[in-house]
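Asks: here are the coordinates; sequence isn't available:
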């Protein structure tokens, strides 16, 4: 188990370096000069531009820039943005809300997705299975932002059950609707994954052995069918936390939540490339960490992996 | 073994019994059926699909969307940019079944013309993903060794960057935004899944005995990959590609919705949804038409993916 | 111990004792089972009768698709998928089982009727410890006693099933067990609640022969001590006759013959049973053995070995000190362990004869075969083909060499490319080696299909339309396409049903006589070897244990391991008089 953990940690390092280099290159090597665009139509005087370039290391060769940036990442000091705010503070103010939102979405999709998927998988081909499957197709097909608008309009505006927008420092009630919207597509995937997995395990030999032992149906379902079906589902859910955080940008826009998405978008429009790269680096880190946790969860759930 | 193990007299119900030899077809234990038409894997899968109503629904949707995307002029005589501000948010009237949007453009014609952008980006991105992903996955899985180590790490790196995030970052700094560039960016960060799927399938196919048989005939490695391995690895790739087409269309719409996908002068469902959002309190139904077109298209591909998966799944077909 | 399960039963039946007043434990009458498929209703079992008395062992014998497993699963309502009992009755201990509701049948399972399933690899849940899975069986069937007593009982059951160090074993996971150990755990589960009847569904067919034998012996002793009735499901008539007193032979869902085991073996009435008795390799091998012991030359023996004595035949394949070392990843990252799969193996195959390479899984026999085929580079040692060291061949010569030696593999489902039509599969070698034009190639494909006794119309078909035996014929046709001198048969008949296996063996014999082929026949099944091979190489752990002519190996095995293998052939305990000719 320890070897397994160690090996996985070692594998993460090149992935992290590669991914950040990729992002950094995309932002800084692509055409377009953010500094020149800073002063609006007229532009800033050349001297000021040079000063800014020097401060942000933009005058140095690309690889040096990247290494200096990495140094910042490891010392948790990303520097300041064009407006003089500590980028670390900008991130720290945006991250918690998005994290809260993503976790709520994850809980929503896990509970409902596994529940519906289990019932549908146990009776594959029945009416419940059929209707749930059609519903999942629709949820996947209708884009998140459309679901968002419709829910906002119906539940928020017309019925007035939940707040229409979240605003500053949103609580559980304000985030409920955004979380459902954010988790909707993943919910459909969790449902389908659970359903397939349950249906497959239902005909597994060891399930028949369990029944032949004389176990009651509820015991067979819980201890053998569901337990084994959860392995791929938990894997999906873990990895999804990372995707939800970086995918929250649309949902945050609709419900006016000041999270990572809004901050990123703001930074993009202002040409704050350092902020963009720092923020995306943090998101990639979270994504990689989530995938690492998935691997550990996987090993915890499936004893065969631990010794591989 | 003691001789008396076998009861000298059979007990009731266990007397020697022989069934009459009237039936059972003992003559030919192993005969080839000559009555039915030969059926290859693809022909059988087709037979399987054909029987599902969902296949025909999905096929009809896809066909409709593709025809609309190719020839929008067949469905509407109005151009998508013939707008009169005076008609802003006007309701449906003869010749304008869906009414008008905020800028007074005919929503029906914009919905028809919007199909092209979605389908084009979806098809282009999927084609690129199949080319990148299959090549990388097949080479990594088939040749193994250093190829595999390097290509698998490369896949891990691209996998670690969430596709929407990467697309947002790249598209926001891209000045030349066209259907092709949007598709390229989506493909650049979307090929990893297909590479992983291909690698896994190739790894399992290459252990088959027919591959060893081909090797012992003296067939070269490259020829075996192309002739035997890839055709047998195609099924999961096709399944994934069908579904991926739908998700790329959603991704394009999301980018256009955020204003960093296709430029405003290109008619697209994502862009129209974004515009409709501004007048949602006054005229929520405007949102419905581009959103409906988008959802219908994606639904078509996802349903097709489901049908194709069921038909091509080797597990479901083995008896 | 405050358990309600007796460790041994009060009064086990002594052998052969009949009690006229005794009631049958299990009485199946006119049972019908159907599956609903897209094509309609498929009758898997029709009008089957079966009677089992307490403490008795009964075997159902049949090939795949005969309905034997379906019949067994119907008893405890574990039919897969859409399976349903559509008629007849199943009386167990005086109680009708057909139509019982779920909780009643759940109550019966484990407690009254235990099951030992077929494949030990897939029948244990990989995520739970072995001990936990046995404990479940105890808890579900009303075991009285606390946690500690339960744990003790689990260890007791494992020890009883023949697993030493049971306490530690109980804490391990299935993937840490070998196949034989898993099967023992499954036996422990099946017998945990001391059922009156144990259904053993091909309990050892996935295991190595020597392990098979040990487990069956153990099961026999155990059930006799406990007084448990056993219903064996098996495809091996020899095994059935040896282990059961009453046989039920099934074919295509019907019981074609049933009765006392000895009587059926000695005097089969139904044509199907007759064919089964004459084809079963274990029985055929035993017949030759008995004939030898009685100093007779059996007819089947003479035919195959006659011509080879007369002339001195040259060797076509010779291996000298062949060794293959694989580097496998060690327990720690970066470390590697050398694993010697084939260790200093020398043997020779005479032209026009059959050499059998026999060994259990892991013996290195397939690795050796792959080196002979030139698919794997030996670590050291040489393979000589027709006097030429294969490793010295250049690219072109190697390509030419491949025409002279061709393989046929075990798995009839994996040996043909499912995307290729039969025609393309057989034509591929011809086209690759540039033999003839299109027309000539087609003529050759037709000729080859004739050779393997398949209709020429089969060439438009695809592998998935053919049965296992037919695919194997196609694989043989493909191997023959380039007119090779040597064919390597890697477990080529192991996956086939008995009768089909007999047909393929016959075909191979005919082709050898006709074309002068030499066979390197790789197998784990000594019984088959007796029928086909001229000489035998016995391998164990990568080394050659014994290399001698077939008769010598069977009549005077020199090594203990060979003797173990021979003893493991089912039917070794049967007497000459019990074997119909």
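Replies: Received, thanks. Predicted model only: the values in this text are computed from it and were never measured. Numbers count the residues shown, from 1 in each chain, chains lettered A, B, ... in the order given.
Asks: scan chain A for its longest helix.
Replies: helix A:87-122 (DSSP state H).
Asks: how about the helix or strand just after it: buried residues?
Replies: Sequence order places helix A:127-141 as the next helix or strand after helix A:87-122, per DSSP states H and E. Buried residues in helix A:127-141, counted by 16 or more other Cβ atoms under 10 Å in any protein chain shown: A:129, A:132, A:133, A:136, A:137, A:139, A:140, A:141. Where you see a C-beta, it was placed from the backbone N, CA and C, and this is true even at glycine.
Asks: quick one: which of the residues you listed is nearest to chain C?
Replies: Lowest distance from chain C to the buried residues of helix A:127-141 (Cβ to the nearest Cβ) belongs to residue A:129, with 15.5 Å.
Asks: how near is the closest one to residue C:371?
Replies: 52 Å (Cβ to Cβ, to the nearest Å).
Asks: residues in contact with the helix or strand harbouring residue C:59?
Replies: Residue C:59 belongs to strand C:57-61 when assigned by DSSP H and E. Here strand C:57-61 makes contact (Cβ atoms under 8 Å, 6 or more residues apart in numbering or on different chains) with C:50-52, C:68, C:71-72, C:220, C:223, C:229-237, C:239-241, C:243-250, C:261, C:276.
Asks: next one: stretch C:534-547
Replies: Stretch C:534-547 is contacted from outside by C:304-305, C:308, C:340-347, C:350, C:353-360, C:362-365, C:367-368, C:529, C:548-550, C:553, C:557-559, C:561-562, C:565, using Cβ under 8 Å, 6+ apart.
Asks: enumerate the residues of the stretch 151-300 of chain B near chain A.
Replies: By the rule Cβ under 8 Å from any Cβ of the partner chain, the part of the stretch 151-300 of chain B lying against chain A is B:153-154, B:156-158, B:160-162, B:164-166, B:168-170, B:172-175, B:246, B:250, B:253-254, B:257-258, B:260, B:273, B:277, B:280-281, B:284, B:287, B:291, B:294-296, B:298-299.
Asks: filter these to the buried ones?
Replies: Those of those that meet the buried threshold are B:154, B:156-158, B:160-162, B:164-166, B:168-170, B:172-174, B:246, B:250, B:253-254, B:257-258, B:260, B:273, B:277, B:280, B:284, B:287, B:291, B:294-296, B:298-299, by 16+ other Cβ under 10 Å.
Asks: so where do the helices sit in the stretch 201-308 of chain A?
Replies: Applying DSSP state H, counting those that start in this stretch to the stretch 201-308 of chain A gives helices spanning A:205-212, A:217-219, A:227-254, A:260-270, A:273-301, A:303-306.
Asks: could I get those as CSV with mean pLDDT?
Replies: Output for these, formatted as CSV (pLDDT from 0 to 100):
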stretch, mean pLDDT
helix A:205-212, 93
helix A:217-219, 91
helix A:227-254, 87
helix A:260-270, 82
helix A:273-301, 85
helix A:303-306, 74
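Asks: can you add distance to chain C and mean neighbour count and give these back as CSV?
Replies: CSV is the format used below for those (distance: least, Cβ to the nearest Cβ, whole Å; neighbours: other Cβ atoms under 10 Å in any protein chain shown):
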stretch, distance to chain C, mean neighbour count
helix A:205-212, 4, 23
helix A:217-219, 7, 13
helix A:227-254, 6, 22
helix A:260-270, 36, 21
helix A:273-301, 7, 20
helix A:303-306, 4, 16
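Asks: wait, a helix at residue C:343?
Replies: No - counting by DSSP: H, G, I helix; E, B strand; the rest coil, residue C:343 is located in no helix; its state is strand.
Asks: the residue lying closest to it once chain neighbours are set aside: how many residues sit nearby?
Replies: If the residues on either side of it in the chain are set aside, residue C:343 comes closest to residue C:542, at 4.0 Å by Cβ to Cβ, 6 or more residues apart in numbering or on different chains. Residue C:542 is flanked by 22 other residues according to other Cβ atoms under 10 Å in any protein chain shown.
Asks: how close does residue C:542 sit to residue C:525?
Replies: Distance from residue C:542 to residue C:525, by Cβ to Cβ: 20 Å.
Asks: repeat that for residue C:47.
Replies: 34 Å.
Asks: quick one: residues contacting the residue in the stretch 101-250 of chain B positioned nearest to chain A.
Replies: Closest contact between the stretch 101-250 of chain B and chain A, by Cβ to the nearest Cβ, is at residue B:157 (3.4 Å). By Cβ under 8 Å, 6+ apart, residue B:157 lies in contact with A:14, A:15, A:18, A:19, A:22.
Asks: kindly report the same for residue C:452.
Replies: Residue C:452 makes contacts with C:473, C:474, C:476, C:477, C:480, C:507, as judged by Cβ under 8 Å, 6+ apart.
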